[in-house]
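Undergrad: could you work out the structure for the sequence below:
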Amino acid sequence: MRLRNFWLIALFVTFVVDFIDAQEGVPIYSDYLTDNYYLIHPSMAGVANCAKVRLTARQQWFGVDDAPNLQTLSINSRLGDSPVAIGGILFSDENGFHSTQGGYATFAYHLMFSRNEIDLNMLSFGLSAGFLQYKLDETSFLAPGDFDALIAGIEQSATNFNVDFGFSYHFIDFYAHFTVKNILNNEGINFNDQGFEFDNLRTYLFSSGYVFSKYGSDWSYEPSIMYMYRDATQESSIDINGKVYREMDFGKIWGGLSYRRSLDGAEFLDGSGVSSQKLQYITPFLGIDYNQFVFAYTYSYQANTVNFNTGGFHQITLGYNFNCRREKYECNCPAVN
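TA: Below is the predicted model:
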């Protein structure tokens, strides 16, 4: 009986966590490490010397029916030589019978403090506004002829509007980003009056890193961190990342490892007493910049004793850079040059 209750609790917690993540907009995974910081920081729109298009596809738990999957399409670019940049994101996030589709439009402004174009010293601001549509498909919940007062048997939907704001600072080889996502309070989503209401989806993100390289070397190294805090649940987590770049004749190859750990634990019954564990992800990634094209693969493994499925999370990123200008700055700053 204890074992059965334990698995029911584990399944319920997994559902609730994924449900909350699906409502927040674009879920925050480790795909920002595949040259895709714009997905989580609006101030990164147009920061690079090229306009960027990025397409990602993420699949969780191969072999599990209706497993979570996510697709994103983003584009961002500077407007000529002006300090103004724009961007846009479309995404589709599906998790069993629940799904979220949405889009964001971004305005960014980049303020230069450098006395010339050699030394990078730039402060950037970004504002994203977006619409999110949530859906709950109940069409297969009941057998023909069955009735349940809590199940409508239709596809229900609701739409919300929200805003993200953030800033980024680049100084030669150093960078830092801070973003507040879902600033506005929304009316709670409550399908069938079942009690799942979340009106405060604010999430705070802080990222920082530094790129090291010896003079004249083709190798560079980038340690970085990201801290995430969810306002409503007071949950937090931290990413510790390491990334390596190698310059090639055709472009660049790169790869690294990310470790995400929740700073809040969850308690559960293990048959002999009460135990606790903290969410942990280990994510290796590998990518290549071939001329103006970008290819990357990311794999996330949940390193917990108790989890819903032992399968990993696979993600592919495809990208294209266009309207490139010359590299202006003498720095190890792959996100800018």
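Undergrad: and the helices in the stretch 1-150 of the chain, which stretches?
TA: Ranges of helices in the stretch 1-150 of the chain, per DSSP state H, counting those that start in this stretch, are 2-23.
Undergrad: lowest-pLDDT helix or strand in this structure?
TA: The helix or strand of the chain with the poorest confidence is helix 2-23; it has a mean of 41 (mean pLDDT, DSSP states H and E).
Undergrad: report the mean confidence score over the host helix or strand of residue 317.
TA: Per DSSP states H and E, residue 317 falls inside strand 313-322. For strand 313-322, mean pLDDT is 95.
Undergrad: okay, buried residues for it please.
TA: 313-315, 317, 319, 321 (16 or more other CB atoms under 10 Å). (Each C-beta comes from the backbone N, C-alpha and C, glycine too.)
Undergrad: same question, stretch 50-61
TA: 50-56, 58-61.
Undergrad: surely residue 37 and residue 44 touch.
TA: Yes - counting by CB atoms under 8 Å, residue 37 touches residue 44, with 4.4 Å between them.
Undergrad: okay, those two: which has more neighbours?
TA: residue 44 (30 against 22; other CB atoms under 10 Å).
Undergrad: please save the CA atoms from stretch 224-238 in CSV.
TA: Taking Å, rounded to 0.1, in the frame of the first residue of the first chain, the C-alpha atoms of stretch 224-238 are listed here in CSV:
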residue,chain,number,x,y,z
SER,A,224,28.7,30.4,-16.4
ILE,A,225,25.8,30.2,-14.0
MET,A,226,22.1,30.8,-14.1
TYR,A,227,19.9,31.3,-11.1
MET,A,228,16.1,30.9,-11.4
TYR,A,229,13.4,31.9,-8.8
ARG,A,230,9.7,31.4,-9.0
ASP,A,231,7.8,34.0,-7.1
ALA,A,232,4.5,32.1,-6.4
THR,A,233,6.0,28.9,-5.1
GLN,A,234,9.2,30.4,-3.8
GLU,A,235,11.2,27.7,-5.5
SER,A,236,14.7,28.3,-6.8
SER,A,237,17.3,26.4,-8.8
ILE,A,238,20.8,27.0,-10.1
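Undergrad: returning to that earlier point: check the contact lists of residue 37 and residue 44 and give me the overlap.
TA: Both residue 37 and residue 44 are in contact with 177, 335, where contact means CB atoms under 8 Å, 6 or more residues apart in numbering.
Undergrad: gap between residue 114 and residue 248?
TA: Distance, residue 114 to residue 248, using CB to CB, to the nearest Å: 29 Å.
Undergrad: oh sorry, the question was meant for residue 57
TA: For residue 57, the distance to residue 248 equals 26 Å [CB to CB].
Undergrad: which residue is the nearest non-sequential neighbour of residue 119?
TA: Distance criterion CB to CB, 6 or more residues apart in numbering; nearest residue to residue 119, sequence neighbours excluded, is residue 172 at 6.6 Å.
Undergrad: surely that neighbour is in contact with residue 122?
TA: No - look at residue 172 against residue 122 with CB under 8 Å: they stay out of range, at 10.3 Å.
Undergrad: comparing the two, which residue is more hemmed in?
TA: Set residue 172 next to residue 122 and count neighbours by other CB under 10 Å: residue 122 wins out with 20 against 17.
Undergrad: list the residues that contact the more buried one.
TA: Contacts of residue 122 by CB under 8 Å, 6+ apart are 47, 110-114, 169-171, 336.
Undergrad: could you do residue 94 as well?
TA: Going by CB under 8 Å, 6+ apart, residue 94 touches 66, 68-70, 100.
Undergrad: list just the nearest of those residues to residue 220.
TA: residue 70 (29.7 Å; CB to CB).
Undergrad: now the residue nearest to the closest one when sequence neighbours are not counted: how far from residue 282?
TA: Spatial nearest neighbour of residue 70, excluding adjacent residues (CB to CB, 6+ apart): residue 58 at 4.3 Å. As defined by CB to CB, residue 58 lies at a distance of 16 Å from residue 282.
Undergrad: and residue 217, by the same measure?
TA: Residue 217 is 28 Å from residue 282, by CB to CB.
Undergrad: residue 134 too?
TA: Plainly put, residue 134 is 31 Å away from residue 282 if you go by CB to CB.
Undergrad: out of those two, which sits in the busier spot?
TA: residue 134 (20 against 16).
Undergrad: partners of that one in the sheet?
TA: residue 100, residue 158 (DSSP bridges).
Undergrad: with residue 314 instead?
TA: Beta-bridge partners of residue 314, as defined by DSSP bridges: residue 59, residue 299.
Undergrad: pretty sure it is in contact with residue 299, am I right?
TA: Yes - taking contacts as CB under 8 Å, residue 314 lies within contact range of residue 299: 5.9 Å.
Undergrad: buried ones in stretch 167-183?
TA: Those would be 167-173, 175, 177-179, 181-182, for stretch 167-183 by 16+ other CB under 10 Å.
Undergrad: what's the farthest-apart pair in those?
TA: 172 and 182 (32.6 Å).
Undergrad: per-residue pLDDT of the residue nearest to residue 119, please?
TA: Looking at residue 172, its pLDDT stands at 92.
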